[in-house]
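generate coordinates for the sequence data below:
(one chain, ligands or ions: 1)
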Amino acid sequence: MSEISIPDTVYDVLIIGGGPAGYTAGLYAARANLKALLIEGASTVSQITVTDWIENYPGIPEGASGFEIVEKFRKQAVQFGLQVSQADCSSVEPMEWNGIRGWAVRSGEKSFEALALVVATGAHWRKLDVPGEETYTGRGVSYCATCDGPFYRNREVVVVGGGDTAVQEALFLTRFASKVTIVHRRDRLRAAAILQQRALDSGKIAFAWNAVVEEVTGGEAVTGVRLRDVRDAGKNWDLPAAGVFVFIGLIPNSDLVAGQADLADDGAILVDHQMRTSAPGIFACGDCTRKLLRQVVTACGDGATAAYAAQLYVEELKGNPYG
Ligand SMILES: Cc1cc2nc3c(=O)[nH]c(=O)nc-3n(C[C@H](O)[C@H](O)[C@H](O)COP(=O)(O)OP(=O)(O)OC[C@H]3O[C@@H](n4cnc5c(N)ncnc54)[C@H](O)[C@@H]3O)c2cc1C
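Modelled structure (predicted):
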């Protein structure tokens, strides 16, 4: 086994992101005895934290809140020795110690160094990008039903989107709102059949099909949305609503590695089957990567693969590969 000399402050693996992908990577890295630090956002949280109820994560037939699940992920990883810190990471730069290549991650004045990085920074919600959205964000426009739903007790709200999350959140909002109208640009939903059926059976959910939001309208706060028929540009109408909840897709959080690793056209980090990016020593997993299905269970699988691949990479770098 060859000897290498690197400073004690250098981690084997730095994991950036404290969601399902990051904590699963942390669990695997800690159990592999790697010197691992997970940095979770100081000003952002995992998407799962704001998810009211998860019923499709295997092994929990009774379901659980997203918050409860991520707390368990954290507890399990920490109990095997994972170190955790809170910081918003702003840049990633290459480093070298006596010919050994690694990476420095900066957050304000702080710098963390490691031989390998696992990027698990998740994604954020795509905005409508229409007049009124910015003005009324926090005053009627929301991207989180769990956070803001209770403010709309006995009031009418609009949910924009047609996928799993839009329908799931619309169902959650029926606990508070007197009526929820799902605005969708197509004539049918993309959501799972079981969710569609629940929405149809709910009695509180209405649909505005083939419609897009052109403007969020209001005075002091939101009073409604102006809709346009996608099949007839001249056909507009107003829909009154006190709240507008937007779930129209995700934008991967990849800015951090944009200068180092290759990205897809939509900004997702490109990875191979070992979760390797185009930058040697940078691995990525979960919602920040290019993938078909962005869910807790797939984020966890990616996280395990990324940590294992990072382990092999670090062992190779240190000159003690297994086998
Ligand atoms: C409303 C809603 C409902 C959902 N319902 C379900 C469901 O029922 N079932 C299901 O399986 N999935 C559901 N999902 C999807 C699921 O939550 C995600 O697929 C999953 O959380 C992705 O995990 P992740 O670890 O990749 O990213 P995230 O969970 O988003 O975690 C990203 C982490 O990265 C951190 N981070 C980001 N940028 C930085 C930075 N620069 N520096 C440091 N840290 C950073 C964040 O703080 C966070 O800790 C839902 C999502 C939403 C929003």
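
can we go C-alpha only for contacts and neighbour counts from here?
OK.

tell me, how many residues neighbour R198?
Using other Cα atoms under 10 Å, R198 has 14 other residues around it.

now it: closest residue in space, sequence neighbours ignored.
L171 (7.7 Å; Cα to Cα, 6 or more residues apart in numbering).

which ones are touching T51?
65-67, 146 (Cα atoms under 8 Å, 6 or more residues apart in numbering).

oh sorry, the question was meant for P240
P240 neighbours (Cα under 8 Å, 6+ apart): 156, 223-225.

same check, this time on R106
Contacts of R106 by Cα under 8 Å, 6+ apart are 89-92, 112.

got it, and L34?
By Cα under 8 Å, 6+ apart, the contact set of L34 is 12-13, 311.

which pLDDT value belongs to it?
L34 carries a pLDDT value of 97.

try M1
Turning to M1, the model gives it a pLDDT of 44.

ok, F112 touching A104?
Yes. Counting by Cα atoms under 8 Å, A104 is a contact partner of F112 at 5.6 Å.

so between the two, which is more surrounded?
Neighbour count, other Cα under 10 Å: between F112 and A104, A104 has more, with 20 against 17.

contacts only, for the residue nearest to D88 when sequence neighbours are not counted.
Nearest non-adjacent residue to D88, counting by Cα to Cα, 6+ apart: G41, 4.9 Å away. In this structure, G41 makes contact with 17-18, 86-89, judged by Cα under 8 Å, 6+ apart.

from those, which two are the most distant?
Within those, G18 and C89 form the most distant pair, 12.3 Å apart (Cα to Cα).

neighbour count: those two, which is higher?
G18 (28 against 21).

quick check: the gap between the nearest residue to that one once chain neighbours are set aside and the ligand.
Spatial nearest neighbour of G18, excluding adjacent residues (Cα to Cα, 6+ apart): E40 at 4.5 Å. Using Cα to the nearest ligand atom, to the nearest Å, E40 is found at 4 Å from the ligand.

which helix or strand contains Y23?
helix 20-31 (DSSP states H and E).

what mean pLDDT does that helix have?
Helix 20-31 shows a mean pLDDT of 98.

packing partners for it?
Other helices and strands packing on helix 20-31, by 3 or more Cα pairs under 8 Å, 6 or more residues apart in numbering; DSSP states H and E, are strand 11-16, strand 36-40, helix 66-79, strand 110-119, helix 296-318.

quick one: it near the ligand?
Yes. With Cα under 6 Å from any ligand atom as the criterion, the ligand is reached by helix 20-31 at 20-22.
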